[in-house]
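> Sharing a model that was predicted from the sequence below.
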Amino acid sequence: MLDIKFLRSNPEIVKQNIRNKFQDEKLPLVDEVIKLDQRNREIKQEVEALRAEKNKASKQIGAMMAQKKIDEAEELKKKVAESAGRIDELSAEEKDVEENIKKIMMAIPNIIDPSVPIGKDDSENVELERFGEPVVPDFEIPYHTDIMESFNGIDLDSARKVAGNGFYYLMGDIARLHSAVITYARDFMINRGFTYCVPPFMIRSNVVTGVMSFAEMDAMMYKIEGEDLYLIGTSEHSMIGKFINTQLKEEELPQTFTSYSPCFRKEKGAHGIEERGVYRIHQFEKQEMIVVCRPEESMEWYDKLWKNTVDLFRSMDIPVRTLECCSGDLADLKVKSVDVEAWSPRQKKYFEVGSCSNLGDAQARRLGIRVKGEGGNYFAHTLNNTVVAPPRMLIAFLENNLQADGTVCIPEVLRPYMGGNEKLIPVK
């Protein structure tokens, strides 16, 4: 959410930012909120003047009563009552106006960083850099669920009966591999100085609207019927919510966390064959990284965060690339974002396995996360990034480590988490 003072002073910058995000239908919101803001200030001025008059009149009434000027005092009391009624009327209007301002301001997108490429959708995202040499072996690589089934490692049919499409049972070595990757990712981030955290897996509506846009909320979140609770789509939601309505000391920054959670997502829309299996699902587990920092440090942390994910995947010999999200592919609260994509030797292309985002002060402004600094108070900046999110990540792992005989090599860094085993041996 933007600062109303910034929007008031820079309406054309805000409008151009909306155009850059190809959301022209939101352009009228800028003029609408400016009018509401003007009315809000007029109301405040009138209320302030009426209260000053009321206070002055109250003193005059006391003096008149002392001087036995009863009739004059009673007449002034009527005027005070009229002023009080007008103040109540204006206060009710003020509340409505401020609610409308907040609703509109939450729909206007955050100002993107000047370095963000302008593009309409994800087809115009820009490749930045590749890490590791993508390899296509001289044998056919099966679809990822077929690889898992060769280890008796997945049961989608039973999951459909129990929960419907978009769910799965992982079993045996594949389930163990899933847990090994999560645990390794946890230790990887702890070794980089992040504090490990397991957060609540449900959050209230005021936290939901504080960490994401209404469009994202509708597309992603599962609501708990009869309660003001939502299942989290990522631990970023509850981790940033941890700081709601708090004032941090400047010397306490940065706050750096790596958090584990299950994640629940609606994943609306039709999906192609490559998004079946365990690629696009309603339930998965994820290791996340979250940073709350000073504004001048946020871009430095942004680069550190996505590099952590690249380093993690490269430690498991998985080739990756970074892809900068263009303006039209950025969610409304984001200032800048980069996807980390892993190489799929079966598809002979890269696919998304993580996303790193700098949200500026958008979440902090919505949630009231302030910092007490020497020069005054200000809103913190927040960032988040995926460390690893199996089972999707397992697709890249299995494809890149599959051997011609059907075995899967286990990289050295994962072996302590897999009982010292160097490879998985299929049972089928």
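Okay, I see it. This structure is a prediction, so every number in the text was calculated from the model and none was measured.

> Going by C-alpha atoms from here, please, whenever you check contacts or count neighbours.
Noted.

> Now do the lengthiest helix in the chain: which elements does it pack against?
Of all the segments of type helix in the chain, defined by DSSP state H, the longest one is helix 27-66. The helices and strands touching helix 27-66, judged by 3 or more CA pairs under 8 Å, 6 or more residues apart in numbering; DSSP states H and E, are helix 4-9, helix 11-20, helix 70-105.

> tell me the mean pLDDT for that helix?
Averaging pLDDT along helix 27-66 gives 89.

> That helix: which residues count as buried?
27, 29-30, 33-34, 36-37, 39-40, 43, 47, 50-51, 54, 57-58, 60-61, 64 (16 or more other CA atoms under 10 Å).

> downstream neighbour of the helix or strand containing residue 337 in the secondary structure list?
Of the helices and strands defined by DSSP states H and E, residue 337 is found in strand 336-344. Helices and strands here follow DSSP H and E; after strand 336-344, the next one along the chain is strand 349-358.

> got the CA coordinates for the helix or strand just after that following strand in CSV?
For strand 349-358, the following helix or strand on the C-terminal side (DSSP H and E) is helix 362-367. As requested, the backbone C-alpha atoms of helix 362-367 are provided in CSV (Å, rounded to 0.1, in the frame of the first residue of the first chain):
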residue,chain,number,x,y,z
ALA,A,362,4.0,-2.4,1.3
GLN,A,363,3.5,-5.2,3.8
ALA,A,364,4.9,-3.2,6.7
ARG,A,365,2.6,-0.3,5.9
ARG,A,366,-0.5,-2.6,5.9
LEU,A,367,0.5,-4.4,9.0
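
> for helix 362-367, packing partners?
helix 205-211, strand 381-388.

> contacts for the first one?
Meaning helix 205-211. Among residues not part of helix 205-211, those counted as contacts by CA atoms under 8 Å, 6 or more residues apart in numbering are 217, 228-230, 237-238, 240-241, 244, 363-364, 366-367.

> ok, the residues you listed vs residue 122, which is closest?
When the contacts of helix 205-211 are compared for distance to residue 122 (CA to CA), residue 217 wins out at 19.7 Å.

> all strands for the stretch 251-400 of the chain, in order.
In chain order, the stretch 251-400 of the chain shows strands spanning 255-264, 283-293, 320-324, 336-344, 349-358, 369-373, 376-379, 381-388, with DSSP state E, counting those that start in this stretch as the criterion.

> Report the mean per-residue pLDDT for the third one.
Strand 320-324 shows a mean pLDDT of 98.

> got a markdown table for the helices and strands packed on helix 362-367, with mean neighbour count too?
Formatted as a markdown table, those follow (neighbours: other CA atoms under 10 Å):
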| stretch | mean neighbour count |
| --- | --- |
| helix 205-211 | 20 |
| strand 381-388 | 27 |
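
> I'd like these laid out as CSV, including distance to residue 325 and mean pLDDT.
Formatted as CSV, the helices and strands packed on helix 362-367 follow (distance: least, CA to CA, whole Å; pLDDT from 0 to 100):
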stretch, distance to residue 325, mean pLDDT
helix 205-211, 19, 95
strand 381-388, 14, 98
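
> Make CSV from these and add distance to residue 71 to it.
Formatted as CSV, the helices and strands packed on helix 362-367 follow (distance: least, CA to CA, whole Å):
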stretch, distance to residue 71
helix 205-211, 53
strand 381-388, 61
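
> Any idea which of these gets closest to residue 103?
Checking the helices and strands packed on helix 362-367 against residue 103 by CA to CA gives helix 205-211 as the closest, at 10.5 Å.

> CA-only coordinates of the closest one in CSV, if you can.
Coordinates of the C-alpha atoms in helix 205-211 are reproduced here as CSV (Å, rounded to 0.1, in the frame of the first residue of the first chain):
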residue,chain,number,x,y,z
SER,A,205,-8.0,-12.2,7.8
ASN,A,206,-6.2,-8.9,8.9
VAL,A,207,-2.9,-10.7,8.4
VAL,A,208,-4.0,-12.1,5.0
THR,A,209,-4.9,-8.7,3.7
GLY,A,210,-1.7,-7.3,5.2
VAL,A,211,0.6,-9.7,3.3
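
> Mind listing what's buried along the helix or strand bottoming out on mean pLDDT in the chain?
When each helix and strand of the chain is scored by mean pLDDT, DSSP states H and E, helix 214-220 comes last, with a mean of 84. In terms of neighbour count (16+ other CA under 10 Å), helix 214-220 has its buried residues at 214, 217, 220.

> What of stretch 103-118?
104-112, 116-118.

> Pick out the most distant pair among the residues you listed.
Among the buried residues of stretch 103-118, the pair separated by the greatest distance (CA to CA) is 104 and 117, at 26.0 Å.

> Name the spans of the stretch 201-350 of the chain whose pLDDT lies under the cut-off.
For the stretch 201-350 of the chain, the stretches flagged by pLDDT under 70 are 268-276.

> For residue 132, grab the count of nearby residues.
Using other CA atoms under 10 Å, the number of residues around residue 132 comes to 14.

> Return the residues in contact with it.
Listed by CA under 8 Å, 6+ apart, the contact set of residue 132 reads 314, 317-320.

> coming back round to it: any chance of the buried residues of helix 214-220 in TSV, plus distance to residue 422?
Putting these into TSV (distance: CA to CA, whole Å) gives the following:
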residue	distance to residue 422
214	47
217	42
220	38
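
> What is the nearest of the residues you listed to residue 343?
Relative to residue 343, and with distances defined as CA to CA, the nearest of the buried residues of helix 214-220 is residue 220, at 26.3 Å.

> and that closest one, what is it in contact with?
233, 264-268.

> most neighbours, which of those residues?
Neighbour tally across those (other CA under 10 Å): the maximum, 25 neighbours, falls on residue 233.

> Need phi/psi at that residue.
For residue 233, the backbone dihedrals (degrees, to the nearest 10) come out as phi -90, psi -20.
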